[in-house]
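**Student:** With the input below, show me the fold.
(one chain, ligands or ions: 1)
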Amino acid sequence: MPYPFEPHKIKVLDSIKILSRSERIKALQEADYNLFKIPSEKVTIDLLTDSGTSALSQEQWSQMMLGDESYASAKSWEKFEIAVKNFTGKKEVVPVHQGRAAEKIIAEILLQKNDIIFSNGFFDTTRANFEHRGAICFDVPTEKSADLSTPKLFKGDIDVKKLRKLLSCYEERAKFILMTLTNNTGGGQPASLKNMELAGNIATQKGLKFIVDACRIAENAYFIWLHEQKRMGSIKNIIRKLFSLADIAYMSTKKDGLASSGGFIVTNDESLAAKLKELAVLYEGFVTYGGMAGREMEAIARGLEEIISPTYLEHRINQIAYLHRELVKIGIPLIHPSGGHAVYIDAGKLFSHIPRNKFPGQALVVALYQEGGIRSVEIGSLMLGKTSKPELVRLAIPRRVYVQSHFDYIVDVFKKIVVNKKRFRGFKIIWQPSTLRHFTCKLKLVN
Ligand SMILES: *Cc1c(COP(=O)(O)O)cnc(C)c1O
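**Tutor:** Numbering: from 1, shown residues only. Sure, this is the predicted structure:
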C-alpha cells in the first residue's frame, strides 16, 4: 500500500528550522537530556504528543472569528453544545478546559478513599486524579496485549474474565469501570464494540457506573468500522453507539476534537449533571464556557464534525500505518498492529545493550533528536518508574500536520541510528522532583 493521498492542501505555512548535528548536541546538553526542555523552535519533527497539536482547517479558523466571548450563554456555547450533543447523543453537556479537569470533577463526585476502579488502561492523568482521591486503580488489559509483536486486533480491550474475577473479590468497594478509547497507555490500540458491550453489561449487572474516556473515540470507531462492522454503517453511528453504552463520558478535545484545547463531560443523568455542574462552576468557569474562550468552542464545534469524516480518518490511520510499515521494513521492533495516534517502539529490544536502569527508552529519545531533530517521548522506566514493563518510545503523530517527506525523513533517521546503535549510551538521573519526574528531571550520559 502506498502512502495515502493527503485529503487537504497547505494554505498557511509554519517553517521548520533545521539545526546542525553539533547545534543539536549543544541543545541536548543545555536541556540536561530532557526533551521537554528543548525549545520547540529547535525541533525539526515534533512527535512529543498529538494533544492540541492538530492543524486547524480554514473552516475552523473562520468560525473562530465569530467567537462570542460573552460571559454567559454566548452564541459560541450554543454551537458547542449542539455539536457535542450531536456527536455524543447525550442530553447533558458540561464544558471543561481540558480532559484532566473532567477527571478531577468526576473523581470528586464519584470516588472516596479506598474505592476500587477498573479500566482497560488508565491514562496517566486519569490515574493520578483518581489516586489523588485515595481510590485504587486496576488496569485489566487483555492477555493478547502483553505480547507486543503479535498483530492481534483490538488489543485495547479490557479482560472481561479477569474483570469478573476481580469484581467478585472487591464487590463492596468497586465503584466504576472506565474504558479508555483508544487505549493510550496500551499502545494506542482500540477496544472492540463487543468488548465495550460486555464491559458495559458487567457494570450494569453489578450496579456500577460505566465511564468512557473518549479522547480518541473517532479513531477507535474507525477500527471498529474497518474490522468489526466490515465497513457497514457509518462511523458517526458507531461513535453514538459507543457513547450510548456509557453512563458518563468525557473527552479532551485536544485529541479527536481537532482543537488546541478544551473538553467536556456528557451524561443523560440530570441529577448527576447538576452535581457535575456545581463543581465545574467552582473549578472551571460558568457552565456555558467551562474555562474555554468562545473562539475555542467554535473550533471544537467544527472539529467534532470534521473528525467523523471517513476520508479524514482513513488518511489518518493509513498515514500512521505507513510509518509503522516502513519502520518494520528496516527491522525496528514495534508494538503491532499499527494503532490510532502513534507508533510505539520497543526500545528495550532495539537498544538491548543498555540495561533498564540506564533507561534505553530515553537513550533512543536522545538519539532521535541528536541524529535528526526528532522529538519523541519515553514511556518506560523513566516516566513510569519500576511499575513499567516494556521500555517504549512513542512517536505521536499530530493530526493533519506532517506529509510523506517527513515520514520518510523519520525512517532515514532510524536507519542512521540502527547501523551503529551500540554507540548510543544510557543515562543516569542527576536530579528529579517528587512526582511526574519525566517532565523536569535532569540526566547525565553514562558508559
Ligand atoms: C490526553 C488524555 C487525557 C487528559 O486530557 P488533557 O486534555 O491532556 O488534560 C485523558 N485521557 C487520555 C486517554 C488522554 O490521552
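**Student:** Next, count neighbours for the closest residue to the ligand within the stretch 201-350 of the chain.
**Tutor:** Going by Cβ to the nearest ligand atom, the ligand is nearest to S252 of the stretch 201-350 of the chain, at 3.1 Å. The way it works is simple: take the backbone N, C-alpha and C, and place the C-beta from them, glycine included. When neighbours are counted by other Cβ atoms under 10 Å, S252 registers 28.
**Student:** who's in contact with it?
**Tutor:** Residues counted as contacts of S252 (Cβ atoms under 8 Å, 6 or more residues apart in numbering) are S51, Q98, G99, R100, A102, C215, G262, G263.
**Student:** What about the residues you listed, which are in helices?
**Tutor:** G99, R100, A102 (DSSP state H).
**Student:** that older thread, which of the contacts of S252 come close to the ligand?
**Tutor:** Filtering those for neighbours of the ligand using Cβ under 6 Å from any ligand atom leaves S51, Q98, G99, R100, C215, G263.
**Student:** For the fifth one, which non-adjacent residue is closest in space?
**Tutor:** Beyond its immediate neighbours in the sequence, the residue positioned closest to C215 (Cβ to Cβ, 6 or more residues apart in numbering) is K255, lying 4.3 Å away.
**Student:** any idea how far the closest residue to the ligand within the stretch 51-200 of the chain is from K11?
**Tutor:** Residue nearest to the ligand within the stretch 51-200 of the chain: G99 (2.3 Å; Cβ to the nearest ligand atom). According to Cβ to Cβ, to the nearest Å, G99 and K11 sit 29 Å apart.
**Student:** quick one on the thing from earlier: between the ones next to the ligand among the contacts of S252, which is nearest F80?
**Tutor:** G263 (11.1 Å; Cβ to Cβ).
**Student:** Just name whatever secondary elements the longest helix anywhere in the chain is in contact with.
**Tutor:** Identified as the longest helix of the chain according to DSSP H is helix 310-329. Packed against helix 310-329 by the contact rule (3 or more Cβ pairs under 8 Å, 6 or more residues apart in numbering; DSSP states H and E) you find helix 217-223, strand 342-346, helix 404-419.
**Student:** just to revisit the earlier point, and the residue nearest to the residue of the stretch 201-350 of the chain closest to the ligand when sequence neighbours are not counted, what is it in contact with?
**Tutor:** Counting by Cβ to Cβ, 6+ apart, G99 is the residue found nearest to S252 once chain neighbours are left out, at 2.7 Å. By Cβ under 8 Å, 6+ apart, G99 lies in contact with T125, D213, C215, Y250, M251, S252, K254, K255, G263.
**Student:** biggest strand in the protein by residues?
**Tutor:** strand 174-180 (DSSP state E).
**Student:** Direction included, what does that strand pair against?
**Tutor:** Using DSSP bridges, the strands paired with strand 174-180 in its sheet are strand 116-119 (parallel), strand 209-213 (parallel).
**Student:** neighbouring contacts of that strand?
**Tutor:** Looking at what lies outside strand 174-180 - Cβ under 8 Å, 6+ apart - the contacts are 110-111, 115-123, 126, 135, 156, 158, 163, 167, 191, 196, 199, 202-203, 206, 208-213, 215.
**Student:** same thing but 7 Å
**Tutor:** 110-111, 115-123, 158, 167, 191, 196, 199, 202-203, 206, 208-213 (Cβ atoms under 7 Å, 6 or more residues apart in numbering).
**Student:** Next up, phi/psi of the most centrally placed residue in the chain, please.
**Tutor:** The centre of the chain sits closest to N184, judged by Cα atoms, centre = their mean, with a distance of 4.9 Å. Backbone dihedrals for N184, given as degrees, to the nearest 10, come out at phi -70, psi -50.
**Student:** Give me the distance between stretch 377-393 and the centre of its chain.
**Tutor:** Stretch 377-393 has its C-alpha centroid displaced from the chain centroid by 16 Å (Cα atoms, centre = their mean, to the nearest Å).
**Student:** Endpoints of that stretch, how far apart?
**Tutor:** From its first residue to its last, stretch 377-393 covers 6 Å (Cα to Cα, to the nearest Å).
**Student:** same deal with stretch 336-344?
**Tutor:** Start-to-end, stretch 336-344 (Cα to Cα) is 9 Å.
**Student:** so, in contact with the ligand or not, that stretch?
**Tutor:** No - counting by Cβ under 6 Å from any ligand atom, the ligand is not contacted by stretch 336-344; separation bottoms out at 8.4 Å.
**Student:** and that stretch, what's its mean pLDDT?
**Tutor:** Mean pLDDT, computed over stretch 336-344, is 96.
**Student:** hmm, who's touching that stretch?
**Tutor:** Stretch 336-344 is contacted by residues 50, 148-151, 182, 187-190, 216, 219-220, 320-321, 323-324, 327, 334-335, 392, 394-397 when judged by Cβ under 7 Å, 6+ apart.
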